[in-house]
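*Asks:* here is my input, please return the structure:
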Amino acid sequence: MTTPAMKKLVLSLLIILFVVNGFAQNNVNVDNYRFNFTYRALPSKPLAPMFFYYGTRINVPNSVARVIDMDALYDQLRIEGQRRTDDAKPGDVAVNLDMGFVEIVSSDVKEREGDSKDKDGQKRGRDKDNKYYWMVITYTFESKVVVTKNGKNIEYYPLYYRINTLTYQTREFSSRRDLSEYWKNNRENLKEAFARDLATSSVNRATARISSLYGFPTTKSSDIIKTINEKKHPENTPFRAAGDDLKSKLEMMNANTPMMEEDVAGLIDYYMGILDRYTDPKLNADIRLRYAALYNLCKIYLYLEQPENIKQYADLILENGYDKGDSKKMNEAAQKLTGLFNSSNIIKTRHFDPDIFFED
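*Replies:* Coordinates of the predicted model:
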């Protein structure tokens, strides 16, 4: 038998369910969805011609040369996207890496008191008779990379300065004598290890510097698209699936391979359909869905490298009225892309194989 109290409870539950479902229909949570991508950066200081041949030379003192793999260093010293040659001709670029020697400046002994323990192994405090010793080694090094063309320096970049000290801390020893023996037996080994590490680091720093200035380095970065998280909204599942698909397409790009428009044609149609189906100018859910769709359309055209289309949908974000600041950001991204490609009469993409610009 249904009592009045039971009827009242059932009615209350139905009202709550109706309100919750109505809230879901009128609200959409928009979330960031991060992806990683790879592209080819353009030179910040392009030369003429933009693609060129270059030679390399590494100058090191004998004390360093005998403990490092010179062939490996030559392989690592490069301007990414340009052609290295062992037969330099007039007009080719020359890269010179100059490295000095490692100089030990000081070796200072440090000490600390150990902990005393009871018979159960519990700490009781500091024990002045239980000391540990280690050494802090201070050393210096210098290196620089110089780029020349037609006998003139076009880049001079210090990598390590002699005036800047470097330090290394040894492990701890239970006696000064053990520490002294360690230093006596390993001083030269440590010095050689410092030289190897600094030589490798100098080459890596030089490569990063000159590739940024004159090359087309492979560059990894990350960005966001938009997804939604509102399980009770009918668009939740297809919108999230579209986000997964778009993320996958964007992460398939690499330095040599762009994302093609035909690869994302279905996604463009889907996001355009959101704009056509959710048109209420006052319903929060519709406003946020349109925003997420417009945002993703901007990002699609950003990575298709079509700045005019970015601007079109960026302006619609402003008109839509939600998160209007993203309209400005997208327009700025479009302007930056336009400026990047206007700086070159040759390159109109950030995804290409530099080898196609060289005649074999």
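*Asks:* ranges for the helices of this protein?
*Replies:* Secondary structure of the chain, counting by DSSP state H: helices at 4-25, 62-65, 70-76, 176-214, 236-251, 265-277, 284-303, 307-320, 325-342.
*Asks:* got the contact list for the shortest one?
*Replies:* The one in question is helix 62-65. By C-beta atoms under 8 Å, 6 or more residues apart in numbering, the residues outside helix 62-65 that reach it are 99-102, 195, 199. From N, CA and C alone the C-beta is placed, and that goes for glycine too.
*Asks:* please apply the same query to the last one.
*Replies:* Helix 325-342 has contacts (C-beta under 8 Å, 6+ apart) with 42, 291, 295, 298, 302, 305, 307-308, 310-311, 313-315, 317-318, 347-350.
*Asks:* again, only this time at 7 Å
*Replies:* Helix 325-342 has contacts (C-beta atoms under 7 Å, 6 or more residues apart in numbering) with 42, 295, 298, 302, 305, 307, 310-311, 314-315, 317-318, 347-348.
*Asks:* tell me the two of the residues you listed that are most distant?
*Replies:* Spatial extent of the contacts of helix 325-342 (C-beta to C-beta) is set by the pair Leu318 and Ile347 at 30.9 Å.
*Asks:* excluding chain neighbours, what is closest to Arg205?
*Replies:* Leu159 (4.8 Å; C-beta to C-beta, 6 or more residues apart in numbering).
*Asks:* what's the pLDDT at that neighbour?
*Replies:* Confidence at Leu159, expressed as pLDDT, is 98.
*Asks:* same question, Glu113
*Replies:* In the predicted model, Glu113 carries a pLDDT score of 87.
*Asks:* right, and it touches Tyr133 too?
*Replies:* No. Using C-beta atoms under 7 Å, Glu113 is not in contact with Tyr133; the gap is 11.2 Å.
*Asks:* so for these two, which residue has more residues nearby?
*Replies:* Taking other C-beta atoms under 10 Å, Glu113 and Tyr133 do not tie; Tyr133 has more neighbours (19 against 13).
*Asks:* surely Asp223 touches Phe35?
*Replies:* Yes. Taking C-beta under 7 Å as the definition, Asp223 is a contact partner of Phe35 at 6.3 Å.
*Asks:* neighbours of Arg112, how many?
*Replies:* 11.
*Asks:* grab the nearest non-local neighbour of Lys45.
*Replies:* With C-beta to C-beta, 6+ apart as the criterion, Lys45 has its nearest non-adjacent residue at 4.3 Å, and that residue is Leu213.
*Asks:* quick one: contacts for the closest residue to Val147 other than its chain neighbours?
*Replies:* Leaving aside its chain neighbours, Val147 sits nearest to Glu155 (3.9 Å; criterion: C-beta to C-beta, 6+ apart). Glu155 makes contacts with 146-147, 210, 213, as judged by C-beta under 7 Å, 6+ apart.
*Asks:* cool, Tyr270 as well?
*Replies:* Listed by C-beta under 7 Å, 6+ apart, the contact set of Tyr270 reads Ala242.
*Asks:* switch to 10 Å and redo it
*Replies:* 238-239, 241-242, 245-246, 264, 293, 296 (C-beta atoms under 10 Å, 6 or more residues apart in numbering).
*Asks:* rewinding a little: out of the contacts of helix 62-65, which end up buried?
*Replies:* Buried members of these, scored by 16 or more other C-beta atoms under 10 Å, are 99-100, 102, 195, 199.
*Asks:* just for the stretch 1-150 of the chain, where's the confidence low?
*Replies:* Flagging of the stretch 1-150 of the chain using pLDDT under 70 yields the residue ranges 1-25, 115-129.
*Asks:* switch the cut-off to 50
*Replies:* 6-7, 9-24, 118 (pLDDT under 50).
*Asks:* quick one, what contacts the residue nearest to the spatial centre of the chain?
*Replies:* By C-alpha atoms, centre = their mean, the chain has its centre lying nearest to Ser221, at 4.3 Å. Residues in contact with Ser221 (C-beta under 10 Å, 6+ apart) are 35-39, 41.
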